[in-house]
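*Asks:* with the input below, show me the fold.
(6 chains)
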Number of protein chains: 4
Amino acid sequence: MAPRRSLPLGAFPKRHPGARARKQPSQARSQALVASLLEATARILVQDGWDGLTTNRVARKAGVSVGSLYQYFPDKEALVSALIETSADALTQRLVALGPHLADAPVEQVVAAIVETTLAVTREEAALHRSVLLQLPRIGALEFFERLNQRVADVLAEWIALRRRELDVEDPSLAAFVIVTALDAVTDHALLLRPELLDSARLARQLERLVRGCLGLAPRRRRR
Amino acid sequence: MAPRRSLPLGAFPKRHPGARARKQPSQARSQALVASLLEATARILVQDGWDGLTTNRVARKAGVSVGSLYQYFPDKEALVSALIETSADALTQRLVALGPHLADAPVEQVVAAIVETTLAVTREEAALHRSVLLQLPRIGALEFFERLNQRVADVLAEWIALRRRELDVEDPSLAAFVIVTALDAVTDHALLLRPELLDSARLARQLERLVRGCLGLAPRRRRR
Amino acid sequence: MAPRRSLPLGAFPKRHPGARARKQPSQARSQALVASLLEATARILVQDGWDGLTTNRVARKAGVSVGSLYQYFPDKEALVSALIETSADALTQRLVALGPHLADAPVEQVVAAIVETTLAVTREEAALHRSVLLQLPRIGALEFFERLNQRVADVLAEWIALRRRELDVEDPSLAAFVIVTALDAVTDHALLLRPELLDSARLARQLERLVRGCLGLAPRRRRR
Amino acid sequence: MAPRRSLPLGAFPKRHPGARARKQPSQARSQALVASLLEATARILVQDGWDGLTTNRVARKAGVSVGSLYQYFPDKEALVSALIETSADALTQRLVALGPHLADAPVEQVVAAIVETTLAVTREEAALHRSVLLQLPRIGALEFFERLNQRVADVLAEWIALRRRELDVEDPSLAAFVIVTALDAVTDHALLLRPELLDSARLARQLERLVRGCLGLAPRRRRR
DNA sequence: GATGAATGAGAGTTCATTCAT
DNA sequence: GATGAATGAACTCTCATTCAT
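*Replies:* Predicted coordinates for the structure are as follows:
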């Protein structure tokens, strides 16, 4: 729901060029201010959706004046962009962190880990994730997915290239794009439409099959 | 995620119950009016997105008065809903048509057909499709698309169950959900982020692998 | 509620000069049309108040087209004016009719008759009367009272002048104005705020005292 | 019917519960703003009536932005309600002040004082009073005035009960209701239809007779 | 005469943004 | 820096009125 981590400031809005944060909050106070603004944004978005999100409301809920809001965010969109960024950052860390651990693990295990992490992450940030998915029009799904996935896809593509001999893949980066997109979409739609699926082992198994298929691995025969 | 099947209109998810089109355009003139309103809506949506879409603008572009717009559409959202509906209608036909043809076709061929049709459909209405995709959440059309997908998934699930012996599937309906969602997501994201991919045979091949994986089919070895 | 009598056509809108009915409905059909328009107006006014009163609604409820409405009423106001006129006409008849009967009756009896008729009339047309009182802004109360009362006051003033010797009145027309206004106001407010009073003999007695006071008559001692 | 007593604001009849003035104007500037909004409202109401009253016009005339208007008044009606309230406040003071002075005065004198104050008050705020009267129903202020009257009537009823022996009254509270309603109606209608009457001693005399009648007092013989 | 689809000015209201304090 | 009162363009939607059929 609320972004739990302090802002990775270096990664701040690159989205709208010329529309960057007006200030790099360099002091503790400023950081707290920015954090509470983002938290307020997230909460309002979750509670009342995009239409309930007004700069004044965000400021009030954050216990800050509108003026201060505009000190750190050039406009409303920047606010939401930053939120997504923060959230995406959090999500991505997890996935990227897998990389090293799995460098030498058996392919099977890597696939399982990817699927499981995707599901776990979806489960955790469910509420915010959900409303971002449902509510963000302009900036929304597109950029969200783009940012979130590109980095993950890159790591995955590298890994695929690395293990090429064990797999059967024509174009690693394409495969990575497809896998990441598909995993995300399925987990997100599950979140929105059949949340109970997120905890089912069946879904995990089905997704592993999907990934294996994408990687050209032979299906693991089911015990019949 | 593309809208797919012919619309049983009675079952349409009305977000504003009792707020359906105010008039059934029964005369040639009315139909033309409605058509031009929808066309204007589509054009504006494609050009300027949801935020550029104002009732007055739509009316002006359609060469009609706002009043007339409100004669046929209870509110702004209805306009977009109708647009999606119309568009969905067209798109869906295609997929439904597949059913009969593939009843007895070899599994391989069915998989290929599913992938190819999904891609074709996405390619065709690209522009509108694109902006609808981007603007969707705001309109709450998500559920709408999901229902359409649901029906496609149902048909697919049936087919899977039917051909169970040739496949290796734990839960046909889950598999169908995953396949449909993944295919839609990948084609849609390709449309949005890498449109050039839509015409590449590579993507088609990669998606076939995905589907095959989901169905528990052994990967077709690539010619090396 | 609904004007029950056919329109006394001669007395049609004199209110808004230059805004008179466009046509003197001379045929049976036209009269029926006008009547049903007024009835619809009355009903809507009673049900939904001034804000619910739209020309289109009136026309629809009257089973007529808007165009036809405008054939007989130059604008919305004329519609309401005519309604008031009609209603006022009906009300006034009753009061004016008293005149002859009471020409020679004892003063006491005349006072009682005036009070009783006022109450009766209020009771009868209660619903319409009520909403006219509550709802009509522009044309409303003012003209309504004016028209309704002026004629009655005239008759009353004449009667006062005639019986001058039995009464103690400084200015008959002023006295008549005061009596009529006061009676109307009290009955109307009773209608709006304490409808049960309309049927109480107490109110009648109190009003008789009022009138007697205005006429300079000694109070009838109450039996103690 | 004139608004009368000092407003116990807590008991004010809010038509839109929870929609009270958005801000308590606490600073000099705000108060000036609110004051100028009310003044503009009054002026427009007097000049052009309810239909001429638009929020934008009020704001412009007050030399303020619409936004500011909505900062202090939740909607158009609140503006008028506040106006009435303010105006009522001023008017009411006068009548309340009478109470103590007349506790022990001779009945004759009390009657005269009541009539005279009613007339005086009506004369003073004539212009605004007039347009408020004309526009009242639309605003639903009827009940508001009635409550005010109710309080005046209550005081009067008490007084009647107190002096019962000197009077001849069946039901003090009914008599008070009738007197207050009648006085208000006659003065208001005089204001609207025959403003010149308000300054005539004749009207005052006639009204005293009315009140005396209601109280069962013998008419004061006119000097002939 | 009758119709009702079409009109479009204009209403109330919101909210991103500014800037004097 | 921080504040939040003030701004006003812009939006959605209504409805009295017209006029081609």
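*Asks:* helices and strands around the helix or strand harbouring A:Thr86, which ones?
*Replies:* Per DSSP states H and E: A:Thr86 is located in helix A:76-102. Applying 3 or more C-beta pairs under 8 Å, 6 or more residues apart in numbering or on different chains; DSSP states H and E, we find helix A:76-102 packed against helix A:28-52, helix A:55-61, helix A:107-124, helix A:126-135, helix A:140-162. C-beta here means a position set from N, CA and C on the backbone, and glycine is covered the same way.
*Asks:* touching, A:Asn149 and A:Thr181? I think so.
*Replies:* Yes. Counting by C-beta atoms under 8 Å, A:Asn149 touches A:Thr181, with 6.5 Å between them.
*Asks:* okay, these two: which has more neighbours?
*Replies:* For A:Asn149 versus A:Thr181, neighbours defined as other C-beta atoms under 10 Å in any protein chain shown are more numerous around A:Asn149 (24 against 21).
*Asks:* any idea how far the more buried one lies from chain C?
*Replies:* Distance of A:Asn149 to chain C, computed by C-beta to the nearest C-beta, to the nearest Å: 53 Å.
*Asks:* list the contacts of that residue.
*Replies:* Neighbour list for A:Asn149: A:Phe177, A:Val180, A:Thr181, A:Asp184 [criterion: C-beta atoms under 8 Å, 6 or more residues apart in numbering or on different chains].
*Asks:* state the mean pLDDT of the host helix or strand of the first one.
*Replies:* When secondary structure is defined by DSSP H and E, A:Phe177 falls within helix A:172-193. Regarding helix A:172-193, the rounded mean pLDDT is 89.
*Asks:* buried residues, whichever helix or strand comes after it. List them.
*Replies:* Next helix or strand after helix A:172-193 toward the C-terminus (DSSP H and E): helix A:201-215. The neighbour-count check on helix A:201-215 (16 or more other C-beta atoms under 10 Å in any protein chain shown) flags A:203-215 as buried.
*Asks:* which residues sit against helix A:201-215?
*Replies:* For helix A:201-215, the external contacting residues (C-beta under 8 Å, 6+ apart) are A:107, A:111-112, A:114-116, A:118-119, A:160, A:167-169, A:175, A:178-179, A:182-183, A:186, A:190, A:197, A:218-220, B:170-171, B:174-175, B:178, B:182, B:206, B:209-214, B:216-217, B:219.
*Asks:* what helix or strand is whatever residue of chain A ends up closest to DNA strand F on?
*Replies:* Using C-beta to the nearest atom of the strand, the single residue of chain A nearest to DNA strand F is A:Gly67, 2.1 Å away. A:Gly67 is part of helix A:66-72, with elements assigned from DSSP H and E.
*Asks:* so what does that helix touch, helix or strand wise?
*Replies:* By 3+ C-beta pairs under 8 Å, 6+ apart, helix A:66-72 packs against helix A:28-52, helix A:55-61.
*Asks:* quick one: mean pLDDT over the shortest one.
*Replies:* Spelled out, that is helix A:55-61. In this model, helix A:55-61 carries a mean pLDDT of 95.
*Asks:* and it, C-alpha only, in PDB?
*Replies:* Output of helix A:55-61 as PDB, limited to C-alpha atoms (Å, rounded to 0.1, in the frame of the first residue of the first chain):
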ATOM      1  CA  THR A  55      -3.400  17.600  -5.100                       C
ATOM      2  CA  ASN A  56      -5.100  19.400  -2.300                       C
ATOM      3  CA  ARG A  57      -6.400  16.200  -0.800                       C
ATOM      4  CA  VAL A  58      -3.000  14.600  -1.000                       C
ATOM      5  CA  ALA A  59      -1.400  17.600   0.700                       C
ATOM      6  CA  ARG A  60      -4.000  17.700   3.400                       C
ATOM      7  CA  LYS A  61      -3.700  14.000   4.100                       C
END
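*Asks:* how about that helix against DNA strand E, any contact?
*Replies:* Yes. Under the criterion of C-beta under 7 Å from any atom of the strand, DNA strand E is reached by helix A:55-61 at A:Thr55, A:Asn56.
*Asks:* got a pLDDT number for the residue most central in space within chain A?
*Replies:* In chain A, the centroid-proximal residue (C-alpha atoms, centre = their mean) is A:Ala88; its distance is 3.8 Å. Per-residue confidence (pLDDT) for A:Ala88: 72.
*Asks:* likewise for A:Gln150?
*Replies:* pLDDT recorded at A:Gln150 is 82.
*Asks:* returning to that earlier point: now for the helix holding A:Phe177, which elements pack on it?
*Replies:* Looks like helix A:172-193 contacts helix A:107-124, helix A:126-135, helix A:140-162, helix A:201-215, helix B:142-162, helix B:172-193, helix B:201-215 (3+ C-beta pairs under 8 Å, 6+ apart).
*Asks:* if we use 6 Å, what do you get?
*Replies:* Under the contact criterion of 3 or more C-beta pairs under 6 Å, 6 or more residues apart in numbering or on different chains; DSSP states H and E, helix A:172-193 touches helix A:107-124, helix A:140-162, helix A:201-215, helix B:172-193, helix B:201-215.
*Asks:* which one of those lies nearest to A:Ala78?
*Replies:* A:Ala78 lies closest, by C-beta to C-beta, to one member of the helices and strands packed on helix A:172-193: helix A:140-162, at 12.5 Å.
*Asks:* counting neighbours, what do you get for the closest residue to A:Pro219 other than its chain neighbours?
*Replies:* Leaving aside its sequence neighbours, A:Pro219 sits nearest to B:Gly216 (C-beta to C-beta, 6 or more residues apart in numbering or on different chains; 4.6 Å). Look at B:Gly216: counted by other C-beta under 10 Å, it has 22 neighbours.
*Asks:* fine by me, thanks again.
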